[in-house]
Structures are given as C-alpha cells and as structure tokens.
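> structure for the following, please:
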Amino acid sequence: MGVAAGTPPMNLPRTGIGVDVHAYAPEDDPQPLWLGGLFWEGERGLSGHSDGDCVAHAAADALFSACGIGDLGTHFGTDRPEFAGASGVKLLGEAARIVRAAGFEIGNVAVQFVANRPKFGPRREESQRVLSAAAGAPVSVTATTSDGLGFTGRGEGISAVATALVYAVPAAPPSDGD
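Predicted coordinates for the structure are as follows:
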C-alpha cells in the first residue's frame with residue numbers, strides 16, 4: 001500500500017550504534033579514570049586521545065551513527081589537537097549540538113559498558129544525570145562483566161556499546177509574511 005500523493009512522509013525514528021574501547025593506561029604513565037562522565041578516585045585510568053571515557057564516547061558515536069553524519073573520529077579524531085585530553089562529557093555535549101544542527105532531535109541514548117571495575121551500581125544515577133545533562137536528552141547506563149573472558153575479563157581495558165534514537169525535526173513551513 002503506497003502513500004497518497006501530497007501526503008507528507010512519516011517521520012520515523014532513526015537508530016544508531018556506537019562502540020568504544022580503551023585500554024588501561026600503563027602503570028608507568030598513570031591516568032585518572034573518567035567513566036560515564038564521572039571521576040573514579042583510586043581506579044586505574046584509561047589511555048586515549050581525550051579522557052578515555054568510553055561510555056561518553058560510545059554515546060556520542062551512536063548519535064552520529066543514527067544521523068548518518070560520520071563518527072567519533074570524523075568529528076573529534078586524533079588529528080584534532082584541540083580535543084587532546086577533552087572530557088567525554090564535553091564531547092557528548094558537542095555531539096548533541098552537531099546532531100541538532102544537522103536537523104535531528106535526540107530521543108534517548110542507552111549505553112552498556114563491560115569491565116571488572118569500577119563497581120558502577122552505587123553511582124549509576126549520578127552518571128545518568130551528568131550524561132543526560134550533556135546530551136540534553138535521557139541517557140541510561142548499565143554495566144556488566146565478561147565473566148573473565150577477553151580483554152575486559154583479563155582487566156586490560158573497558159569497552160562500551162551504545163544505541164541512540166533520533167528523529168528528524170520537520171522544517172518550519174515558509175512564512176507567508178504575516
């Protein structure tokens with residue numbers, strides 16, 4: 001069944017997927033751990049061009065994927081010195097701005113990270129508040145382990161996968177001069 005002539009197309013939501021992985025920083029070059037927009041005192045930090053916050057990075061990448069406007073490397077790649085050491089929260093906020101400038105609104109973002117540490121449950125609400133404020137939309141975060149399997153199970157790093165839902169903002173009708 002087709003759409004009748006003159007009927008505007010449905011504004012279907014679009015989904016995107018983002019994945020980010022960071023190894024733990026070498027012990028001879030310790031870094032602070034930033035994860036889910038939060039600083040984790042006493043935890044081993046991650047290596048990366050920015051702060052290594054793979055939760056925030058995966059969320060930003062999922063937004064770009066949903067809109068079809070590149071990826072994290074396109075917008076914040078290692079060839080961009082101004083993003084060296086940048087906060088994942090700042091990058092997520094900038095990603096949300098880019099997405100909106102491209103004509104989309106954010107429905108929500110869901111992120112799950114895989115790691116043995118840190119124990120996330122007690123700070124989940126805090127992380128979700130920080131990331132939601134940066135995105136200007138709901139961001140939920142969950143955590144799991146890999147039961148000792150793979151690089152996350154061996155304690156070599158952290159991975160995160162995110163999904164995002166966006167929808168195109170209809171263009172405003174032309175003004176008739178009133």
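
> check contacts around the most centrally placed residue in the chain.
Residue closest to the average C-alpha location in the chain (C-alpha atoms, centre = their mean): Ala59, at 1.4 Å. Residues in contact with Ala59 (C-beta atoms under 8 Å, 6 or more residues apart in numbering) are 18, 92, 95, 109, 111, 131, 135, 139, 162, 164. Backbone N, C-alpha and C define where each C-beta goes, glycine included.

> closest to Gly77 among those residues?
Nearest to Gly77, judged by C-beta to C-beta, of those is Ala95 at 13.1 Å.

> you'd agree the residue nearest to the centre of the chain is in a helix?
Yes: counting by DSSP: H, G, I helix; E, B strand; the rest coil, Ala59 falls inside a helix.

> quick check: the gap between it and Ser146.
According to C-beta to C-beta, to the nearest Å, Ala59 stands 20 Å off from Ser146.

> so what does the helix or strand bottoming out on mean pLDDT in the chain touch, helix or strand wise?
Lowest on mean pLDDT, DSSP states H and E among the helices and strands of the chain sits helix 72-76, with a mean of 89. When contacts are defined as 3 or more C-beta pairs under 8 Å, 6 or more residues apart in numbering; DSSP states H and E, helix 72-76 sits against helix 54-67, helix 88-101.

> beta partners of Thr144?
Beta bridges link Thr144 to Val114, judged by DSSP bridges.

> that one touches Gln112, doesn't it?
Yes: contact criterion C-beta atoms under 8 Å: Thr144 and Gln112 qualify, at 6.3 Å.

> okay, these two: which has more neighbours?
Gln112 (16 against 11; other C-beta atoms under 10 Å).

> tell me which residues touch that one, please.
141-144, 160-162.

> would you quantify the distance from it to Arg14?
Gln112 sits 20 Å away from Arg14, going by C-beta to C-beta.

> then Ala66?
According to C-beta to C-beta, Ala66 and Arg14 sit 5 Å apart.

> which neighbours do these two have in common?
104, 165-166.

> now, which of those sits nearest Glu156?
Distance to Glu156, by C-beta to C-beta, is smallest for Leu165 among the shared contacts of Ala66 and Arg14, at 31.6 Å.

> just confirm that closest one is within a strand.
Yes: membership of Leu165 in a strand is supported by three-state DSSP.

> just checking, it touches Ala66?
Yes: assessed by C-beta under 8 Å, Leu165 is found in contact with Ala66 at 6.9 Å.

> what about the two, which has more around it?
When neighbours are counted by other C-beta under 10 Å, Leu165 and Ala66 differ, and Ala66 comes out ahead with 24 against 19.

> ok, now which ones touch that one?
14-16, 99, 104, 164-166.

> farthest pair within the residues you listed?
Spatial extent of these (C-beta to C-beta) is set by the pair Thr15 and Val99 at 13.2 Å.
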